[in-house]
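1. Let me see the structure of the following:
(chains A and B)
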Number of protein chains: 2
Amino acid sequence: MTRRLTDMSAPARLAADGEGLGQDELALAARNHGLPLEALRYDVTPPGLHYVLTHYDIPHVPDADADDWRLTVDGRVRRTLSLSPERLRALPPVTTRVTMECAGNGRALLTPRPVSQPWLVEAVGTAEWTGVPLRLLLAEAGVASDAVDVVFTGADHGVERGVEQDYQRALPLDVATGDDPEVLVAYAMNGAPLPPQHGSPLRLVAPGWYGMAHVKWLRAITVVDEPFTGFQQSVAYRLRQTPDDPGEPVTRIAPRALLVPPGFPDFMSRTRVVAPGPVPLEGRAWSGRAPLAAVEVSTDGGATWHPADLEPDDGHRWAWRRWTYAWTAVPGEHVLSARARDEAGNEQPLEQPWNRGGFANNLVQRVPVLCPEPSAP
Amino acid sequence: MTRRLTDMSAPARLAADGEGLGQDELALAARNHGLPLEALRYDVTPPGLHYVLTHYDIPHVPDADADDWRLTVDGRVRRTLSLSPERLRALPPVTTRVTMECAGNGRALLTPRPVSQPWLVEAVGTAEWTGVPLRLLLAEAGVASDAVDVVFTGADHGVERGVEQDYQRALPLDVATGDDPEVLVAYAMNGAPLPPQHGSPLRLVAPGWYGMAHVKWLRAITVVDEPFTGFQQSVAYRLRQTPDDPGEPVTRIAPRALLVPPGFPDFMSRTRVVAPGPVPLEGRAWSGRAPLAAVEVSTDGGATWHPADLEPDDGHRWAWRRWTYAWTAVPGEHVLSARARDEAGNEQPLEQPWNRGGFANNLVQRVPVLCPEPSAP
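-> Below you'll find the predicted structure:
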């Protein structure tokens, strides 16, 4: 008796108390990757260091075939469009610097741990995306007055919890046609054609939204007159406390601040080592919900908090902002943290914001640091 | 009482029976990354998909400072050299296509599992490296007649099992000055300056050797008249059965073949799904010890083996070679494997080649595939 898809595609589950990561979680961790945190130093993340999360396989699009790619715009529109990358490149380009974060960032720090891609805090990166505003393409197609959602379909195909699917996500019509932020159909990253793992030849970029909204290998944009209920919209990416809870949708990025880990690391524990004396701390902070208001730093495990210097956004509203804080290390063990708050009053929590999918866990980071006595080896 | 470095930098250990991966192993898996196996399709790995393993942090070398970088050649030489990247770029360039693999590839599949960077099979990639032959730089410096080893020092600094260190590895003099393979001091990868995570601005490339020999962020080449006994040479990267076994050194890459996983995956289990009928199989195979002799394929979990078509190396002796095999899938569950053998008679084992460091585990890969009945969902 041959198994069916549903037999090898298990339902979502939580790890048992004390259960280490399994080979399934490791297989995801080994192929997807985060930003090495020292790369928070860069305003724009160098190629290859930006986080990557692929649900299924990276579709195979030979360079020679990229210009044969067609992006269809259809559904509740006056005329269907079929757009080649060449056609899109001929339109006036828009470049936006965007900090993108996986909705599952922080998942592996939760107790209990939802079993899925096991991120700690590093599923983030910032890039300059170049493309065409989605609102202009939708205007060209002519959106019907009864339109509700805009559905984006990628070429990545697989099975998830028993459901065979192309990756699909939707945005509400007002977001898809909005200009603040302006959603892009992008064909370039940091001035070069999209790499395969970032969606070559075309992808969506929805500034301020978690990564699941930025559909890669984009091949169809479909305007619909009912709320989209596909797997990634109504089953995955929901904030649920119980399995039968319909849950709130995962949408925009909650505020977070991270440190460039100071000093140097131990290979295995990643504990940081610093010498006594001045240790300039720096890092990045962002929110997809509202402009940042403040970043605070704690060097005593969260007992006391002090304002960091937050650099201006220099016109890059949707990108992370650098912050700095002057710390003087004394011999001992320390736990460093940074905490971001945005102008809408969203602030990183000091207790884990738990949900079954492990989404949007923006609990403050804890960076253990050892400052040895000057005479100790 | 403040802890010392040795307190937070634990000795090597083996995971207990059934012990899942810990947060320390996950922290390494989340920042380092392998090749998504579908990227075995490419002759040369696209930027960002090549595996990366960094022991400590990626050193911070601002672009503006890269030309101030100096590579010193000293020790048992007639004259000390101080070489800038600009000076190296002015010499006649050599480009070599090299398949690089982490010595720890396969570690997380071992029983018991050595606790370290937890690779499955994906710690590999192929790039075109451009640089200057090391033997020419050593000839310019004039190697003393009593020279034994050549030590390479990187700018990456950290602690490992209690030992604070700059990353250092050595090659025997005959390898360092040899021309088959020709070791390079490289400044470009795939025609572009080295990315930060691949050693910018300069790194060593030792074709045929496991990754630990290809020292990144290279700042010193030191000729010595005694065998080098640094941490990464005589403590780490040894093939040991017991802790007090001095062990054999890890050197050149053992043969391995991997498949491009056919069909499409389940998100969590990564099980592959194929339709009944012809399924062309393909993959890559390599050995750093001798030219490849053959690749065999099994579609029944290793019960029977059949010759694959192995493509010629097209002059790229140190790069992987593509292989193909025509398979016809029938409904059921299958386990696919490929097995490489080189001309020196080295062949992938069918039982795990275990050692305490988890090095050079080239056990044949097993790819579970489900071929559903045509009528089944």
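
2. show me what contacts A:M268?
-> When contacts are counted by Cβ atoms under 8 Å, 6 or more residues apart in numbering or on different chains, A:M268 touches B:9-10, B:24, B:28, B:115-116, B:160-161. The C-beta positions use only the backbone N, C-alpha and C, and glycine is treated the same way.

3. Need those in TSV (columns: pLDDT).
-> Below are the contacts of A:M268 laid out as TSV (pLDDT from 0 to 100):
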residue	pLDDT
B:S9	86
B:A10	85
B:D24	95
B:L28	96
B:V115	97
B:S116	97
B:E160	95
B:R161	93
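
4. Return only those of these found close to chain A.
-> B:9-10, B:24, B:28, B:115-116, B:160-161 (Cβ under 8 Å from any Cβ of the partner chain).

5. I figured A:D342 was touching A:R289, is that so?
-> Yes - A:D342 is within contact range of A:R289, at 5.7 Å (criterion: Cβ atoms under 8 Å).

6. If the residue nearest the centre of chain A is in a bridge, with which residues?
-> Taking Cα atoms, centre = their mean, the centroid of chain A lies closest to A:E101, which sits 1.9 Å from it. Under the criterion DSSP bridges, A:E101 forms beta bridges with A:V124.

7. For it, give me its contacts.
-> Residues near A:E101 by Cβ under 8 Å, 6+ apart: A:51, A:123-124, A:210-211, A:253, A:256, A:286, A:288.

8. so of the residues you listed, which ones are in strands?
-> Among these, DSSP state E puts A:124, A:256, A:286 in strands.

9. for A:Y42, what are its contacts?
-> Contacts of A:Y42 by Cβ under 8 Å, 6+ apart are A:49, A:126.

10. in which helix or strand would I find A:A12?
-> Under the criterion DSSP states H and E, no helix or strand holds A:A12.

11. count of neighbours near it?
-> As a burial measure, A:A12 scores 17 neighbours (other Cβ atoms under 10 Å in any protein chain shown).

12. wait, doesn't it sit right on A:R113?
-> No - applying Cβ under 8 Å, one finds A:A12 not in contact with A:R113, separated by 11.9 Å.

13. For A:E38, which non-adjacent residue is closest in space?
-> In space, and not counting its chain neighbours, A:E38 is closest to B:D57: 4.5 Å by Cβ to Cβ, 6 or more residues apart in numbering or on different chains.

14. State the number of residues packed around the one you found.
-> Neighbours of B:D57 under the rule other Cβ under 10 Å: 22.

15. picking that back up, what's the ChimeraX line that selects buried ones from the contacts of A:E101?
-> Buried residues among the contacts of A:E101 (16 or more other Cβ atoms under 10 Å in any protein chain shown), as a ChimeraX selection:
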select /A:51,123,124,210,211,253,256,286,288
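
16. right, and out of the contacts of A:E101, which lies closest to chain B?
-> Closest approach to chain B among the contacts of A:E101 (Cβ to the nearest Cβ): A:A123, at 8.1 Å.

17. Give the full set of residues in contact with A:R161.
-> A:9-12, A:231, A:235, B:267-268.

18. Model confidence for the residue nearest to A:Q232 when sequence neighbours are not counted, exactly?
-> Computed as Cβ to Cβ, 6+ apart, the closest residue to A:Q232 that is not its neighbour in sequence is A:R169, at 5.2 Å. Looking at A:R169, its pLDDT is 98.

19. Show me the beta-bridge partners of A:R169.
-> Under the criterion DSSP bridges, A:R169 forms beta bridges with A:F152.

20. residues in contact with the closest residue in space to A:H33 that isn't next to it in sequence?
-> Excluding its sequence neighbours, the residue lying closest to A:H33 (Cβ to Cβ, 6+ apart) is B:H33, at 3.3 Å. By Cβ under 8 Å, 6+ apart, B:H33 lies in contact with A:30-33, A:52, B:51-52.

21. Could you list which of the residues you listed belong to helices?
-> Among the contacts of B:H33, the members falling in helices (DSSP state H) are A:30-31.

22. ok, now how distant is the nearest residue to A:N355 once chain neighbours are set aside from B:P46?
-> Once flanking residues are discounted, A:N355 sits nearest to A:L239: 4.6 Å by Cβ to Cβ, 6+ apart. Using Cβ to Cβ, to the nearest Å, we find A:L239 at a distance of 35 Å from B:P46.

23. and if you look at A:A329?
-> A:A329 is 41 Å from B:P46, where distance means Cβ to Cβ.

24. Please see if stretch A:61-80 touches chain B.
-> No - judged by Cβ under 8 Å from any Cβ, stretch A:61-80 stays clear of chain B, getting no closer than 8.9 Å.

25. Just the buried positions in that stretch, please.
-> For stretch A:61-80, burial by neighbour count (16+ other Cβ under 10 Å) applies to A:61, A:66, A:69, A:71-73, A:75-77.

26. ok, now stretch A:117-132?
-> Buried residues in stretch A:117-132, counted by 16+ other Cβ under 10 Å: A:117-132.

27. So which of these sit within helices?
-> Per DSSP H, those never map to helices.

28. circling back to that earlier point, so which of the contacts of A:M268 belong to strands?
-> Of the contacts of A:M268, the ones assigned to strands by DSSP E are B:E160.

29. pLDDT for the contacts of A:E101 - can I get that in a markdown table?
-> Below are the contacts of A:E101 laid out as a markdown table (pLDDT from 0 to 100):
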| residue | pLDDT |
| --- | --- |
| A:Y51 | 98 |
| A:A123 | 98 |
| A:V124 | 98 |
| A:Y210 | 98 |
| A:G211 | 98 |
| A:I253 | 98 |
| A:R256 | 98 |
| A:W286 | 98 |
| A:G288 | 98 |
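
30. Next, format the contacts of A:E101 as CSV and append distance to B:G357.
-> CSV is the format used below for the contacts of A:E101 (distance: Cβ to Cβ, whole Å):
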residue, distance to B:G357
A:Y51, 29
A:A123, 29
A:V124, 32
A:Y210, 39
A:G211, 36
A:I253, 40
A:R256, 36
A:W286, 40
A:G288, 43
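
31. What sits closest to the closest residue to chain B within chain A if chain neighbours are left out?
-> Chain A approaches chain B most closely through A:G20 (2.1 Å), counting by Cβ to the nearest Cβ. Sequence neighbours aside, B:G20 is the residue nearest to A:G20 in space, at 2.1 Å (criterion: Cβ to Cβ, 6+ apart).

32. number of nearby residues for the one you found?
-> What B:G20 shows, counting by other Cβ under 10 Å, is a neighbour count of 19.

33. do the same with A:P196
-> A:P196 has 25 neighbours, counted by other Cβ under 10 Å.

34. What score does it have for pLDDT?
-> pLDDT, A:P196: 96.

35. again, but for the one 10 residues further on
-> Reading off the confidence values, A:A206 has pLDDT 98.

36. Which residue is the nearest non-sequential neighbour of it?
-> Nearest non-adjacent residue to A:A206 (Cβ to Cβ, 6+ apart): A:A213, at 4.4 Å.

37. repeat for A:A326
-> A:P280 (6.1 Å).

38. What is the three-state secondary structure of the one you found?
-> strand (DSSP: H, G, I helix; E, B strand; the rest coil).

39. any chance you could map the helices in the stretch 1-150 of chain A?
-> Under the criterion DSSP state H, counting those that start in this stretch, helices of the stretch 1-150 of chain A are mapped to A:5-8, A:23-31, A:63-66, A:85-89, A:134-141.
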